[in-house]
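Novice: From the sequence below, what's the structure:
(chains A and B)
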Amino acid sequence: MASRSVDRVDLLAAGLGRRPVREQSAPEVSEDAMFVSAARSGDRAAFGRLYDRYARMVHGVLLAKVPVSEVDDLVQDVFLLALRRLSTLREVGSFGAWLAAITRNLANDYHRRSVPEDQRADDASEDDIEHASISADHSSPAAAILDAIRALPDTYRETLILRLVEGMTGPEIAARTGLTHGSVRVTLHRGMQQLRAKLSLNPSSNRPEQERP
Amino acid sequence: MWDGSGEPDPEIQRLEVLLKKFRHDRPTPMFPEIVGPRRWTFFLWRMGLFPVLAATATAVVAIAALTILVHRWKPASTTVAGWDVSSVEGTPRIGPMAIRGKDGMTRLGVGQSLETDNQSRASLQADEIGQIEVEPSTRLRLLTMSAGLKQIALDRGTIHTYIWATPGQFVVDTPSAVTVDLGCAYTLQVDDSGAGLVRTSLGWVGFKLNGHESFIPAGAACATRPQVGPGTPYFEDASLKFRAALARFDFEDSTPQQRAGDLGIVLDEARKRDALTLWHLVARVDESQRGLIYDHLTKLAPAPTGITREGILRLDQPMLDRWWNDLGFDDISVWRHWERSWSGAATPVRE
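Specialist: I've put the predicted structure just below:
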C-alpha cells in the first residue's frame, strides 16, 4: 500500500472519526437478531418492533427520493417487501443496511414506473427527483428548505434528511443504515455546509470542526 | 449537529423545527400473518410432492453453480473504474483533454492525470469513496482503483478531501508522505519541492514513521518534508514564535544547542491546548530533555491518575495513550485498532 522510492518515506496514516467500526451497539444488534429470528418464525409483534426501530430511517430515505405525498404508502410497501423477503437476509446483524437497500431500490422502481419506458435510466436520476413534486405548498419555508436538501447530491441528501427531518442523531443514523460513524460524520458536515450555502445561512463559527481555507 | 450535545446551533434548531412537519409519525401497522417455511415443507410431505420438488431443487442448484463457474471464467468486465470529474471553474484537463463548462463531466481513469491551471478548479467524486475538491495549480494522478484500494498521487497543489470510504481504502501518495484515510475531512498541500502540509477539519488524521506517531485533530496541522516525513502536529492558532521554533526543531539541521533553544521557545510559548504538541515532543527528544517536557506538559494538562513521571520518561506506551485520551482529542484505541489491521497489509520502510 505504501509507495517505495528513493525520495519518499513511507508512513502509516489514518483519518479517524470517533470510533472505528459500525456503531450499532452490541445489545442493539443482538436485539435485532432476536426480532428477525422471531419474525421469521411467524411472530408479527417482533416484526412490529423492527418497524418501530427502522421506520424513521425508511421514511427519511424515501423522503430524499420520492414525492412527499407518496412516502407514507411506500414506507408500508418497503416493510411488506422486507417481511416477504426476510428469509433471504443472510446476516441478521445487517438488517438496517439490508432494509436501506430495499428502500432505495423501491424508490428507484417508483421513478421507473413514472417515466415512459423509452426514457428510463438504470437508476432514478437527480433530475427525476427534482422534477417530482415536493409538497402541495411550495411557498412554505419548510417546503423550500426540503426542496433545497433534495437538490443536494445524493450522498448528502439522505443523511441530512435523517438528521434534520427525522430527528435522528449521527450515531443513530450510523446504526440504522449500517454506515460507519466516520462516514456519517463527514457527510453531515459537508452536506450542512452545502445546505448553508444554498440557503445563504451564516456559516457556523467557533466550532472545532469548521473547515479552514 | 452530531449527537445533539454541546452548545445548540440556532440555525440547526430552526431547520429542525421547520422540517418536523415532514417527519414520520404513523403508528405501527398490523402486519399480515407470516407463513414460515416449515409449514410448506409439512404441506408438501403430505401431498407426496416433496421428493419430486427436492430433486428439482437439487437440479436448479446444480445449474446455478455451473452458471456461476462459467461466469467466473469469462473475461472481466471492461467497465472503466475511476472518479467522476467535473469542472468547477475554468478548464481543468485530463491529459490533453479539457473539461469545459460547469456541466462538463468526465471520468478520471487509472494511470490518467488531472491538472488545473492557475484559474481552474475541479471536483472529483466516487459515490462509495468520497469527494475531492481540486484547487488551482494542482496536479494529481489516479494510481489504483481496485476493490480494496483507491490510491491517488498528489504531485503538487492543494486538495480538500471528504472521505466516507471503508477505512483503509483511500490513500494519497505525496513526495514526502503517504496518508491512509479512515473517514475524515482534511486539506493536503504539496509545493514544488515536495514539502507538504496536512490540515484536518473533521475527525483526525494519524501518521506513523519509524515508531514516531503524529496525530492531527480537527483544527490542527502537520508539515511533512521529503526524506524526513511528518513533523510535530500543532494548532494553527499557536503563536508565530511557537510555530517557527517548532518548524526549526522538526526540520532544520541544527546543533544540539540550537535545538535546545528552539525547544525552550516552544515550551515557553505553549498554551493549554498546545499540550497536543508537547505530548508528541515527549517521544521525539533525548531522554535528557524528556523531563523538561513532562514538567511543562503536566502544568498545561495534569497527568491523569496512574501516570508516573518515570513511566513517561521511559515512554511507557499505555501511560502515554491514557494521557492522550485525557487531553480530549478522542480515543487513541481507534488508532491502535487500525494500526494493527493496517500493519498486516503494508511494510513501510524508509529508503
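Novice: Name the residues of the strand or helix carrying B:Gln13 that come out as buried.
Specialist: With the criterion set as DSSP states H and E, the secondary-structure element containing B:Gln13 is helix B:10-19. Within helix B:10-19, the residues scored as buried using 16 or more other C-beta atoms under 10 Å in any protein chain shown are B:Glu11, B:Ile12, B:Leu15, B:Glu16, B:Leu18, B:Leu19. Where C-beta positions appear, they are placed from N, C-alpha and C, glycine not excepted.
Novice: cool, and stretch A:140-158?
Specialist: Result for stretch A:140-158 [16+ other C-beta under 10 Å]: buried residues A:Ala142, A:Ala143, A:Ile145, A:Leu146, A:Ile149, A:Arg150, A:Leu152, A:Asp154, A:Thr155, A:Tyr156, A:Arg157, A:Glu158.
Novice: Among those, which lie within helices?
Specialist: Among the buried residues of stretch A:140-158, the members falling in helices are A:Ala142, A:Ala143, A:Ile145, A:Leu146, A:Ile149, A:Arg150, A:Asp154, A:Thr155, A:Tyr156, A:Arg157, A:Glu158 (criterion: DSSP state H).
Novice: ok, back up a step: please list which of the buried residues of stretch A:140-158 are also close to chain B.
Specialist: A:Ala142, A:Ile145, A:Leu146, A:Asp154, A:Thr155 (C-beta under 8 Å from any C-beta of the partner chain).
Novice: Spatially nearest residue to the last one, not counting backbone neighbours?
Specialist: Here the nearest residue to A:Thr155 in space, its sequence neighbours aside, is A:Thr187; by C-beta to C-beta, 6 or more residues apart in numbering or on different chains that works out to 5.7 Å.
Novice: restrict the buried residues of helix B:10-19 to contacts with chain A.
Specialist: With C-beta under 8 Å from any C-beta as the criterion, the buried residues of helix B:10-19 include B:Glu11, B:Ile12, B:Leu15, B:Glu16, B:Leu18, B:Leu19 near chain A.
Novice: OK, contacts around the nearest residue in space to the last one that is not next to it in sequence?
Specialist: If I follow you right, that is B:Leu19. Take B:Leu19 and drop its neighbours on the chain: the residue closest to it by C-beta to C-beta, 6+ apart is A:Val165, 4.5 Å away. Contact analysis of A:Val165 by C-beta atoms under 8 Å, 6 or more residues apart in numbering or on different chains lists A:Gly60, A:Leu63, A:Leu146, B:Leu19, B:Lys20, B:Phe22, B:Arg23.
Novice: hey, where'd the helices end up in chain A?
Specialist: A:26-40, A:44-63, A:68-85, A:95-114, A:126-131, A:141-150, A:154-164, A:170-177, A:181-199.
Novice: Out of those, name the one with the poorest average pLDDT.
Specialist: The weakest mean pLDDT among the helices of chain A belongs to helix A:126-131, with a mean of 49.
Novice: are any of the contacts of A:Val165 buried, and which?
Specialist: A:Gly60, A:Leu63, A:Leu146, B:Leu19, B:Phe22, B:Arg23.
Novice: before we move on, the earlier item: ok, so of the buried residues of helix B:10-19, who is nearest B:Ile129?
Specialist: Nearest to B:Ile129, judged by C-beta to C-beta, of those is B:Ile12 at 27.1 Å.
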